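In: need a 3D model of the following:
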Amino acid sequence: MEAVVARDIETSAGLTAVLAEYRPQLIRFFTSRTGDPAEAEDVVQEIWLHITRAGGAPIAHPLAYLHRIGMHIVLDRLRERRRRALREQGWADATISTSGDEAVDEAPSPFAVVEGQERIRALAAAIDKLPPGAARVFRRHKLDGLGHAEIAAELGISRSAVEKHIAVALRHLREALE
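Out: Residues are numbered from 1 along each chain as shown. All right, here's what the predicted structure looks like:
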């Protein structure tokens, strides 16, 4: 065992052979570091990916080299999990409301959605039933966003007439919706 570990290995094929020979030991080692056998398997797989891409100088202690590569991978994964947790916590803090320790869903309930749609339909029907002058002024002011003076100039009526049309429209709509 030690003869393979202490000799110079120059190729990725030599490191792959050492990895294959010591795979069970490496998995046990990384399971003890990560606490998860599946994670240890992933680390050993990443070690293999690393050594197949690497080339270069001879390695005097290939098993120690594989352990060092694996520990770097474990640390990188740990850092990534921490970054992800911070990112997710930041997102959750920004988007999820809480009441005590419970998350609160601020989306309207299906009942509220249906009720809102019914109110919109009722409002549209009530607008359609407005007297013609009040309807025209109401639409230009509330839906098109024109000011009272602009509407008065456009329709050739006084500003006071515009205000009266809007008051008539609001009274009709209030009665229709109650």
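In: so what pairs up with Ser97 in the strands?
Out: Here Ser97 sits in beta bridges with Val104, as judged by DSSP bridges.
In: can you list the domains in the protein?
Out: What automatic domain parsing lists as the domains of the chain is 2-99, 121-177.
In: as TSV, those with mean neighbour count, distance to Glu115 and mean pLDDT would be great.
Out: No exception for glycine: its C-beta is placed from N, CA and C like everyone else's. Compiled in TSV, the domains of the chain are given as follows (neighbours: other C-beta atoms under 10 Å; distance: least, C-beta to C-beta, whole Å; pLDDT from 0 to 100):
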stretch	mean neighbour count	distance to Glu115	mean pLDDT
domain 2-99	14	22	85
domain 121-177	15	11	91
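In: how about those domains in TSV, adding distance to Phe111?
Out: Putting the domains of the chain into TSV (distance: least, C-beta to C-beta, whole Å) gives the following:
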stretch	distance to Phe111
domain 2-99	20
domain 121-177	16
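In: what residues does stretch 96-109 touch?
Out: Gly116 (C-beta atoms under 8 Å, 6 or more residues apart in numbering).
In: alpha carbons only: can I get that stretch in CSV?
Out: C-alpha atoms of stretch 96-109 as CSV (Å, rounded to 0.1, in the frame of the first residue of the first chain):
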residue,chain,number,x,y,z
ILE,A,96,-41.9,37.1,2.6
SER,A,97,-43.9,38.7,5.4
THR,A,98,-43.9,37.1,8.8
SER,A,99,-46.2,37.3,11.8
GLY,A,100,-44.2,36.0,14.8
ASP,A,101,-42.4,32.9,13.5
GLU,A,102,-45.0,32.1,10.8
ALA,A,103,-44.8,33.2,7.1
VAL,A,104,-47.8,35.1,5.9
ASP,A,105,-49.1,34.7,2.4
GLU,A,106,-50.1,38.1,1.2
ALA,A,107,-51.6,36.8,-2.0
PRO,A,108,-55.4,37.3,-2.1
SER,A,109,-57.4,34.2,-1.4
